[in-house]
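Enquirer: model the structure of this input:
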Amino acid sequence: MTTKLRLPGRPEELTLPALLARNAAEYGDLPALSWRTGTATGPGSSGSSGWTTLGWAEVRRRVAVLAAGYAALGVERGDHVLIMMGNRPEHWLSDLALVHLGAVPVTVYGTSAPGQIAHIARHSRARLALVEGARELARWEPLIADPTVPLQRLIVADAAAGGGHGTYASLYASGARLHRADAFDKAWQETRPEDPLTVVYTSGTTRDPKGVRLTHRNILLQSVRLDRRVELPEHAEHICYLPFAHIAERILGIYLPLLRAAHVRMVADPAAVAPAVRELRPVQFFGVPRVWEKLAASVRAVLAQLPAGQREAIEAAGDLARTRAGHRERGETVPAALEASYARAKEQVLDPLLGLAGLDRLLWTASATAPMPIDVVRFWAGWGITIMDAWGLTETSGVCTVNSPDAFRLGSVGRPIDGLELRLAEDGEILARGETVFGGYLRPDGSLEPAHDADGWFPTGDVGRLDEDGFLWLTDRKKELIVTSTGKNVSPALVENTVKEHPLIGQAMVHGDGRSYLVALLVLDPELAPAWAASRGIGADSLAELASHPAVREEVARAVEAANARLNRTEQIKRYRLLTTEWGPESGELTPSLKLRRRVVREKYADLIETLYAAPHETP
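Expert: Below you'll find the model as predicted:
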């Protein structure tokens, strides 16, 4: 267990404000939050190497001031407040301030389409939203005038983009004038473990995202139990770069640091993660599969430029590292001679190269949100870096299963965390039960729609198997959600139905599970496409002829472009191929009731799908 700090109560009785009070009292001078700026600003902050840093005592002081500012705007216990900002201090501090008032912060993805934003604003009944700047204002301002949306006010973090709306700076100034310590303490001490801590909107199988309400007890039990699986120095730094709209970064970038009194380093631009890692040389790093894939590709590109002799030395060191990892994976004692050889290779060959990327001090590396490609896992194992794959859902407060340094199987997603039960349904679907599983989906009236059965089992939608040692292996996805390599959930039906609204396109299947973007296979409508062509003087004897006609191909391109304009960035089709044969039950792509058999289509067109990813910059 990493955290040996005093807890202000039993794990099931913890609240986030109680943890912040402990941190301010007992670790007040330790660094809590850092972000990139030219100079340090404000009392209680310090600046070095372009970073501004707040200690835990100063964090709590600013949270108290912000809480007074939000209270002055009418924010009350139980209110939902929407936030659309990147990873910047205004987001992190406001999140905590709202929780101290008993309000419920709801972060919205910055890539969300206008229709999704409107749904969340309407469904959450939020009257206030905190947005970053001009880009966000353009999507949020129309909602103020929409009579179906309860939203009444916007607060803008970038003062220059205020446009007549309130600003974060003015809210903070108001809070500084109005703050009273007794009122602040009274508000947070009324918080109970069963109170909602956040709502996370996650993609469903329809256009509308679903609201997952998570309590203090859900989240903090999750944090305590996850912490037990990780061995790290106390107060270790965390590089925070994933969006707070995702449960993974909410756990790793807000809740676990409060539990551990750890140091959060904010990286506002995900593209700047690699330079930050080089500079900070972290002891822990979490990356979604796409991040590890990109890092591996960069390393491979560098290796290809090295002299043959140096490459051979690296390969030999990698063989030692993988052999050593194999012993540990099987729970075996690493032979002394192998351990000694590996230690020499690590010191002389691997660490000097890892140090160039800032990866030489890593003690814990992990991935989740989508299955990690096994070739990527094996690649990093050859550098002495064992990536601990995990699995979970927003509905389970994040992690359900996790590999740990003393118990892992490469390719699996680990064993269940303490207090969480798993069992497999007859069809292989994974069912979960425990106090970290949410109570239900948020209804528009604020009540919850239960999502578990009478015995408390929640169907996760994933299919897997448990081996004899209790490790879970994912084998399929019962629900048809696509999880990209960046950890975003996409409803394929939503994307497919949007592109099929054009009369030319009769069938569509999008693919992107574990990939960084979506591709699609499209089929012309056998009835409407010939009629469309005939009305334009285009003659053809078959769908194959139509599919190759330049005018048809141009119109299909416009159809995809129009669909993409209505979808958020993650949902957009980046490449596609127009097929020449209709799918049907006889050829196996459709069921007798004409439902798409995705696995059959993926297997039948596997080579074609691979070509769509092989040359992403070519025109389809």
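Enquirer: show me where the stretch 451-600 of the chain has strands.
Expert: Using DSSP state E, counting those that start in this stretch, the strands found in the stretch 451-600 of the chain span residues 458-466, 472-477, 482-483, 489-490, 505-511, 518-524, 573-579.
Enquirer: just the stretch 101-250 of the chain next, same as before
Expert: Taking DSSP E, counting those that start in this stretch as the criterion, the stretch 101-250 of the chain contains strands spanning 104-107, 128-131, 153-156, 166-167, 196-202, 210-215, 237-240.
Enquirer: export the ones you listed to a markdown table and append columns for distance to residue 223, mean neighbour count and mean pLDDT.
Expert: Glycine gets a C-beta too; all of them are placed from N, C-alpha and C. What follows is these, written out as a markdown table (distance: least, C-beta to C-beta, whole Å; neighbours: other C-beta atoms under 10 Å; pLDDT from 0 to 100):
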| stretch | distance to residue 223 | mean neighbour count | mean pLDDT |
| --- | --- | --- | --- |
| strand 104-107 | 17 | 24 | 98 |
| strand 128-131 | 24 | 25 | 98 |
| strand 153-156 | 28 | 22 | 96 |
| strand 166-167 | 33 | 18 | 95 |
| strand 196-202 | 11 | 23 | 95 |
| strand 210-215 | 11 | 22 | 96 |
| strand 237-240 | 13 | 22 | 96 |
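Enquirer: those strands: which one's closest to residue 396?
Expert: Closest approach to residue 396 among those is made by strand 210-215 (9.5 Å; C-beta to C-beta).
Enquirer: the inter-axis angle of that closest one versus strand 196-202?
Expert: 160 degrees (axes from the mean of the first three to the mean of the last three C-alpha atoms, to 10 degrees).
Enquirer: just name the most buried of the strands of the stretch 451-600 of the chain.
Expert: Ranked by mean neighbour count, the strands of the stretch 451-600 of the chain are led by strand 518-524 with a mean of 24 (mean count of other C-beta atoms under 10 Å).
Enquirer: who are the packing partners of that strand?
Expert: Counting contacts by 3 or more C-beta pairs under 8 Å, 6 or more residues apart in numbering; DSSP states H and E, strand 518-524 packs against helix 492-499, strand 505-511, helix 543-548, helix 550-565, strand 573-579, helix 606-614.
Enquirer: ok, the residue nearest to residue 144 when sequence neighbours are not counted to residue 123 distance?
Expert: Distances taken as C-beta to C-beta, 6 or more residues apart in numbering place residue 151 nearest to residue 144, at 6.0 Å, with adjacent residues excluded. Noted for residue 151: a distance of 12 Å to residue 123, by C-beta to C-beta, to the nearest Å.
Enquirer: residue 534 now?
Expert: For residue 534 relative to residue 123 (C-beta to C-beta), the value is 44 Å.
Enquirer: the two - which one has more neighbours?
Expert: Set residue 534 next to residue 123 and count neighbours by other C-beta atoms under 10 Å: residue 123 wins out with 21 against 11.
Enquirer: roughly how far apart are the more buried one and residue 566?
Expert: For residue 123, the distance to residue 566 equals 19 Å [C-beta to C-beta].
Enquirer: do residue 335 as well
Expert: 59 Å.
Enquirer: and of the strands of the stretch 451-600 of the chain, who's closest to residue 80?
Expert: Short answer: strand 489-490, nearest of those by C-beta to C-beta, at 20.8 Å.
Enquirer: quick one: strands adjacent to the closest one?
Expert: strand 482-483 (antiparallel) (DSSP bridges).
Enquirer: what lies in contact with the strand it pairs with?
Expert: Among residues not part of strand 482-483, those counted as contacts by C-beta atoms under 8 Å, 6 or more residues apart in numbering are 369-370, 477, 489-492, 510-514, 518.
Enquirer: could the helices and strands packed on strand 518-524 go into TSV alongside distance to residue 198 and mean pLDDT?
Expert: Converted to TSV, the helices and strands packed on strand 518-524 look like this (distance: least, C-beta to C-beta, whole Å; pLDDT from 0 to 100):
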stretch	distance to residue 198	mean pLDDT
helix 492-499	24	85
strand 505-511	30	91
helix 543-548	48	88
helix 550-565	30	94
strand 573-579	31	95
helix 606-614	35	92
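Enquirer: JSON lines please, covering these and showing distance to residue 242.
Expert: JSON lines is the format used below for the helices and strands packed on strand 518-524 (distance: least, C-beta to C-beta, whole Å):
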{"stretch": "helix 492-499", "distance to residue 242": "23"}
{"stretch": "strand 505-511", "distance to residue 242": "23"}
{"stretch": "helix 543-548", "distance to residue 242": "40"}
{"stretch": "helix 550-565", "distance to residue 242": "24"}
{"stretch": "strand 573-579", "distance to residue 242": "21"}
{"stretch": "helix 606-614", "distance to residue 242": "23"}
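Enquirer: for residue 81, which of these is the nearest?
Expert: Closest to residue 81 of these is helix 492-499 (C-beta to C-beta; 26.9 Å).
Enquirer: can you list contacts of that closest one?
Expert: With C-beta under 8 Å, 6+ apart, helix 492-499 has contacts from 205-207, 480-482, 505, 508-510, 518, 520, 522, 559-560, 563, 566-567, 571, 573, 598.
Enquirer: for stretch 133-145, same thing?
Expert: So stretch 133-145 is contacted by 84-85, 110, 112, 114, 117-118, 121, 129, 131, 149, 151-154, 156-158, 160-161, 163, 165 (C-beta under 8 Å, 6+ apart).
Enquirer: list the buried ones in it?
Expert: Neighbour-count burial for stretch 133-145, counted by 16 or more other C-beta atoms under 10 Å, picks out 133, 136, 137, 139, 140, 143.
Enquirer: so how far is residue 89 from the second one?
Expert: Residue 136 sits 17 Å away from residue 89, taking C-beta to C-beta as the criterion.
Enquirer: how about the contacts of strand 482-483, which pair is most distant?
Expert: Across the contacts of strand 482-483, the longest distance by C-beta to C-beta is 18.6 Å; it joins 369 and 510.
Enquirer: ranges for the helices of the stretch 1-150 of the chain?
Expert: Using DSSP state H, counting those that start in this stretch, the helices of the stretch 1-150 of the chain run over residues 16-26, 56-72, 89-101, 114-124, 134-144.
Enquirer: just those helices: most buried one?
Expert: helix 89-101 (a mean of 24).
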